[in-house]
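Trainee: Need the 3D shape of this:
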Amino acid sequence: MVNRLANKVAIVTGGISGIGKAIAQDFLAEGATVVVTGRREAVGKQVAAELSQQGEVLYLKQDVSEETDWQKVVDTTLATFGHWDILVNNAGIGGANKLIADTSLDEWQQVMDINLTGTFIGVREALNRMDKGSIVNVSSVLGIITPMPGVGSYAASKAGTRLLTKAAAVEAVKTGKQIRVNSIHPGLVGTDIVSDDLKNALQASDDVIPAIGEPADVAKAVTYLASDESSYTTGSEIVLDGGTLAGRQ
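Mentor: The predicted model follows:
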């Protein structure tokens, strides 16, 4: 399908690599104008130049844990394009891959600042500054289950994202805002955020993981939630995990 996102303006955080880049590509293919953000300016400009062959795209440097960066991104988006319809809170880090007992406060806080607080600020900005639209928060299957040690901070941040999504969806409905808020929960996807140790641990576990997913698999689900096709969907979660949850005892 094409043009499901025609005339819509989207902000995709962490949109310069991995799942975020795949989401931006799919959005452009469906007719959206896309603002991609990320901390690596050189990479961001290069990716924006590449993606501009598909449609209108703008790169803005952003640290999602910084409130002032969010304000600049939203201000620039509105000033440039006149409206804002879609937010994808995708930016995130994987954590220190340590046992909770060995995790420092700084390591814990860094994960929370980017994965959870960054998502909170984005959701708050969208609820206050979108006229109507869709917010999609990228959580993880590890926000629902924790099948191995060493993912404590990451899992906690993604579980927080899951419930933040539901709380925001309820508040939007109760306050009469025409904004839907949903989350997606990928399983093992082949991106830089997934370390070799984590891949090996997951593939050696008892969970059903027939194959490592691709970023494009996730992007298609995000496009559905961003489009008007999902107009009756809010406060929901889509799990994309190759059967991991279904295969648990």
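Trainee: Quick check, central residue of the chain?
Mentor: In the chain, the residue lying closest to the centroid (CA atoms, centre = their mean) is residue 90, at 2.3 Å.
Trainee: so who does that residue touch?
Mentor: Taking CB atoms under 8 Å, 6 or more residues apart in numbering, we find residue 90 in contact with 12, 13, 14, 15, 19, 20, 23, 138. For the C-beta atoms, the positions are set from N, CA and C on the backbone; glycine is no exception.
Trainee: Which pLDDT value goes with it?
Mentor: What the model reports for residue 90 is a pLDDT of 98.
Trainee: next one: the one 10 residues further on
Mentor: pLDDT, the model's per-residue confidence, is 96 for residue 100.
Trainee: show me what contacts it?
Mentor: Counted by CB under 8 Å, 6+ apart, residue 100 has contacts 152, 153.
Trainee: What separation do you get for it and residue 8?
Mentor: For residue 100, the distance to residue 8 (CB to CB, to the nearest Å) stands at 41 Å.
Trainee: Where in this protein is the helix or strand with the lowest mean pLDDT?
Mentor: Lowest mean confidence among the helices and strands of the chain (mean pLDDT, DSSP states H and E): helix 196-203, at a mean of 61.
Trainee: Need the contact partners of the next helix or strand after it.
Mentor: Proceeding N to C from helix 196-203, the next assigned helix or strand is helix 215-226, under DSSP states H and E. With contact meaning CB under 8 Å, 6+ apart, helix 215-226 is reached by 4-5, 8, 10, 18-19, 21-23, 25-27, 30, 32, 86, 88, 134, 136, 138, 180, 182, 184, 186, 189-191, 230, 233, 238, 240.
Trainee: Tell me the buried residues in the longest strand belonging to the chain?
Mentor: Using DSSP state E, we find that the single longest strand of the chain is strand 178-186. By neighbour count on 16 or more other CB atoms under 10 Å, the buried set for strand 178-186 is 179, 180, 181, 182, 183, 184, 185, 186.
Trainee: Reformat these as CSV; add distance to residue 59 and pLDDT.
Mentor: As requested, the buried residues of strand 178-186 are arranged in CSV below (distance: CB to CB, whole Å; pLDDT from 0 to 100):
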residue, distance to residue 59, pLDDT
179, 25, 98
180, 26, 98
181, 25, 98
182, 25, 98
183, 25, 98
184, 23, 98
185, 27, 96
186, 24, 94
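Trainee: what's the spacing between stretch 170-189 and its chain's center?
Mentor: Centroid separation between stretch 170-189 and its chain, computed with CA atoms, centre = their mean, to the nearest Å, is 12 Å.
Trainee: still on that earlier bit, in strands, which of the contacts of residue 90 fall?
Mentor: Going by DSSP E, the strands hold 12, 13, 138 from those.
Trainee: between these, which is nearest residue 155?
Mentor: residue 138 (14.3 Å; CB to CB).
Trainee: Identify the residue spatially nearest to that closest one, adjacent ones excluded.
Mentor: residue 90 (4.5 Å; CB to CB, 6 or more residues apart in numbering).
Trainee: Return the distance of that neighbour relative to residue 215.
Mentor: Taken as CB to CB, the span from residue 90 to residue 215 is 10 Å.
Trainee: Repeat that for residue 83.
Mentor: 27 Å.
Trainee: Would you map the strands across this protein?
Mentor: Using DSSP E, the strands found in the chain span residues 9-13, 33-38, 57-61, 86-89, 132-138, 178-186, 237-240.
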